[in-house]
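1. I need the structure of the sequence given here:
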Amino acid sequence: MANNFALIHNDITVRVVKVRDAKKIERLVLGNREWLKPWEATNPEGPNSFDFKGQIRGLLRQMSNQQGLPLVMEYQGQIVGQLNVSNIYFGSVSSAILGYWIAPEFAGKSITPISVALTSDYLFNVIGLHRVEIAIRPENAASLRIVEKLGFRYEGLKERFIHINGDWRDHFIFALTYEEVREGLLNRFTQNRVPQITYPYKKS
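-> Below you'll find the model as predicted:
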């Protein structure tokens, strides 16, 4: 996988994270604890690490091993969040898991759905994966809106799936396969052609 590509749509850019981004990411994360902490993965065996350079180096090693793709989201040239592709498998599985966060002042500007669409299209059409999955806590209304806007298919609930904010938390699972978005997820979203999907967890 290339380590210097950029995916661009108007003012939004998705690119591979760099070690020198650590200070900017640290300011965003530590400056928005109330917004981010409820949704952050935690270590069940000890305290969270805020060694951002170390985290980035670890993610870049995963990319070197073709196991992950650590990205940042930029808006008008400014880092506003991260988008991480993990658990990349090839061959008969050919899938990956995608996660994201954005600073609160940039939420609601379509940055995240466009970044997810750009990245998904890259995974399908350049990397050659067949399936992209997103796991979201049922309480995370902002993240749920992203997959709903993009038409990700709801697949069910995984109980006590990921350690988040100090405990094992349930997650809804959403996915898309290449066949569902042959025309491109970004094209479908920007042209308002996302199919209407009924999500069973929504109250009528």
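2. rest of the way, CA atoms for contacts and neighbours
-> Fine.
3. just the strands in the protein please.
-> Secondary structure of the chain (DSSP state E): strands at 6-9, 12-16, 69-75, 78-89, 95-102, 131-136, 153-164, 167-177.
4. so which of those strands gets nearest Lys37?
-> Among the strands of the chain, strand 153-164 comes nearest to Lys37, with 8.6 Å by CA to CA.
5. just the buried residues of that closest one, please?
-> Buried residues in strand 153-164, defined by neighbour count with 16 or more other CA atoms under 10 Å: 153-154, 157, 162-164.
6. next, the angle from it to strand 131-136.
-> 50 degrees (axes from the mean of the first three to the mean of the last three CA atoms, to 10 degrees).
7. what is the least confident helix or strand in the chain?
-> The weakest-scoring helix or strand in the chain, judged by mean pLDDT, DSSP states H and E, is helix 33-36 (a mean of 92).
8. returning to what we had before: between the buried residues of strand 153-164, which is nearest Ile97?
-> Ile162 (12.8 Å).
9. isn't Phe5 up against Val16?
-> Yes - the pair Phe5 / Val16 is scored as a contact, 6.9 Å apart, by CA atoms under 8 Å.
10. quick one: which of these two has more around it?
-> Counted by other CA atoms under 10 Å, Phe5 and Val16 do not tie: Val16 has more neighbours, with 20 against 10.
11. quick one: end-to-end length of stretch 86-95, please.
-> 9 Å (CA to CA, to the nearest Å).
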